[in-house]
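[1] Quick one, fold the following:
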Amino acid sequence: MPTEAGMAAAAITPLTPAHAEEVLAIYQAGIDEGNATFETAAPTWESFDAAKLAEHRFAALAPATGRVLGWVAVSRVSDRCAYAGVVEHSVYVHPDARGRGVARLLLEALIASTEAAGIWTIQSGIFPENTASLAVHRKAGFRVIGTRERIGCHHGVWRDVLLIERRSPTHQDGPRL
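    Next comes the predicted model:
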């Protein structure tokens, strides 16, 4: 992907099947770097599409070219009604687009959509070594709530995962059932 020199912003748009190839390539790049996920290969588009909630997934597009610079998406954490307002998210940015605020813009779009939908918790797990992701999440209002020690083996090494969450200031009391 050619670098979008001097790019300070991106256009945020709903993530659609038209973005599939670039989204999965960005996902695979994050997987290949080794500090983003326990996954070893990006899923098929069909699997990705089925697992992610359509109303809370976004792509960041380069203004000049329309190339996908990054994406954010959520999945349900449980089918139980008690967890209806809790989602788990992933955010990935193309290596050439990092450090330009793309992840921040994607997280802002995600937070706006989840707030509008009454979601009270966005959570994720991040490897402690992924300091850039931890920093952008902290700036977006996420906090580390614990460490899952040696939770999984990744390429022959036991890895810790920091559990992070953002609690909605609007929906603190949960749903009105």
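[2] Just give the closest residue to residue 60, not the sequence neighbours.
    residue 10 (3.8 Å; C-beta to C-beta, 6 or more residues apart in numbering). Just so you know, the C-beta spots here come from the backbone N, C-alpha and C atoms, and that holds for glycine as well.
[3] What of residue 129?
    Per C-beta to C-beta, 6+ apart, closest to residue 129 is residue 35, 4.9 Å.
[4] which SSE is the one you found in?
    According to DSSP states H and E, residue 35 maps onto no helix or strand at all.
[5] just residue 105 next, same as before
    helix 102-116.
[6] ok, which stretches of this structure are strands?
    11-14, 58-61, 68-76, 86-93, 121-126, 143-154, 157-167 (DSSP state E).
[7] can you list contacts of the longest one?
    Translated: strand 143-154. Contact partners of strand 143-154, identified using C-beta atoms under 8 Å, 6 or more residues apart in numbering, comprise 34, 38, 125, 128, 134, 158-166.
[8] Buried only: go through those residues for me.
    125, 134, 159, 161, 162, 164, 165, 166 (16 or more other C-beta atoms under 10 Å).
[9] Which two of those residues have the greatest separation?
    159 and 166 (22.7 Å; C-beta to C-beta).
[10] Centre of the chain to stretch 97-115, how far?
    9 Å (C-alpha atoms, centre = their mean, to the nearest Å).
[11] ditto for stretch 133-141
    On C-alpha atoms, centre = their mean, the centre of stretch 133-141 falls 12 Å from the chain's centre.
[12] Please save the CA atoms from that stretch in PDB.
    What follows is stretch 133-141, C-alpha atoms only, in PDB (Å, rounded to 0.1, in the frame of the first residue of the first chain):
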ATOM      1  CA  SER A 133      -2.600   0.100  21.200                       C
ATOM      2  CA  LEU A 134      -2.700   0.500  25.000                       C
ATOM      3  CA  ALA A 135      -1.900   4.200  24.700                       C
ATOM      4  CA  VAL A 136      -4.500   5.000  22.100                       C
ATOM      5  CA  HIS A 137      -7.100   3.100  24.100                       C
ATOM      6  CA  ARG A 138      -6.200   4.900  27.300                       C
ATOM      7  CA  LYS A 139      -6.700   8.200  25.500                       C
ATOM      8  CA  ALA A 140     -10.100   7.000  24.200                       C
ATOM      9  CA  GLY A 141     -11.300   6.300  27.800                       C
END
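[13] No more questions from me, cheers.
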